[in-house]
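**Student:** coordinates for the following, if possible.
(chains A and B)
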Amino acid sequence: KQEVTQIPAALSVPEGENLVLNCSFTDSAIYNLQWFRQDPGKGLTSLLLIQSSQREQTSGRLNASLDKSSGRSTLYIAASQPGDSATYLCAVRKDKLIFGTGTRLQVFP
Amino acid sequence: NAGVMQNPRHLVRRRGQEARLRCSPMKGHSHVYWYRQLPEEGLKFMVYLQKENIIDESGMPKERFSAEFPKEGPSILRIQQVVRGDSAAYFCASSPQTQGSGGTEAFFGQGTRLTVV
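**Tutor:** As a prediction, the model looks like this:
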């Protein structure tokens, strides 16, 4: 059974810091891994999709890496801003998406 | 191309009533997934459907819950005789048909927040 863990559970940082969010999964037989953002009371916004054959993806200030063999992914956020405050979820997919419990990020001015 | 549309956004039901949640996938998407998010918890998989077929319902409670994705129209998640513990946000996601072992991106709707009073 696939289990997805995210560390840390919560993070509070001053504006401008570079951040690393971690995601680990127990079964490496995945098709892809997706990072999402969820704002309070809102839906999920897809940030990055990494296929199982890829090592990383970049979008703006976000960079996600995938090490399938070790069951790990990291989301790197450069020069954090207060608008980045949200819960970040990783999800691994074979037939269906299995989610981690999320990292709640707060960036203060 | 509109995103994944869920309605209603908010639904209030009394205990014992039925709740019907609708999800219209993105155009061209034939796969639909339903997830439940309890307050302060993560997203839990409920059911995975393709047109007219239930592919995986391993996350669905055995009683009172059912889902369908007909040939025409939206996917429906139906909860009969709701109880307070059903209060949660229910999210729907859709994706295109997978090709071989390739994984495609899933897109989520804004969710339906069900409150049972």
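**Student:** and the closest residue to residue B:79 other than its chain neighbours, how far from chain A?
**Tutor:** In space, and not counting its chain neighbours, residue B:79 is closest to residue B:19: 4.4 Å by CB to CB, 6 or more residues apart in numbering or on different chains. Quick note: C-beta positions are derived from backbone N, CA and C, even for glycine. The gap separating residue B:19 from chain A is 19 Å, by CB to the nearest CB, to the nearest Å.
**Student:** so what's residue B:19 up against?
**Tutor:** By CB atoms under 8 Å, 6 or more residues apart in numbering or on different chains, residue B:19 lies in contact with B:11, B:13, B:78-79, B:82, B:86, B:114, B:116.
**Student:** farthest-apart pair in those, please.
**Tutor:** Greatest spatial distance among those (CB to CB): B:78 and B:116, at 14.4 Å.
**Student:** looking at those two, which one has more neighbours?
**Tutor:** Comparing residue B:78 with residue B:116 by other CB atoms under 10 Å in any protein chain shown, the one with more neighbours is residue B:116, at 19 against 13.
**Student:** in PyMOL, select just the buried ones from the contacts of residue B:19.
**Tutor:** Here is the PyMOL selection string for the buried members of the contacts of residue B:19, based on 16 or more other CB atoms under 10 Å in any protein chain shown:
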select buried, chain B and resi 11+13+79+82+86+114+116
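**Student:** turn the contacts of residue B:19 into TSV, columns for secondary structure.
**Tutor:** Listed next are the contacts of residue B:19 as TSV, based on DSSP: H, G, I helix; E, B strand; the rest coil:
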residue	secondary structure
B:11	strand
B:13	strand
B:78	strand
B:79	strand
B:82	coil
B:86	helix
B:114	strand
B:116	strand
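**Student:** great, nothing more from me.
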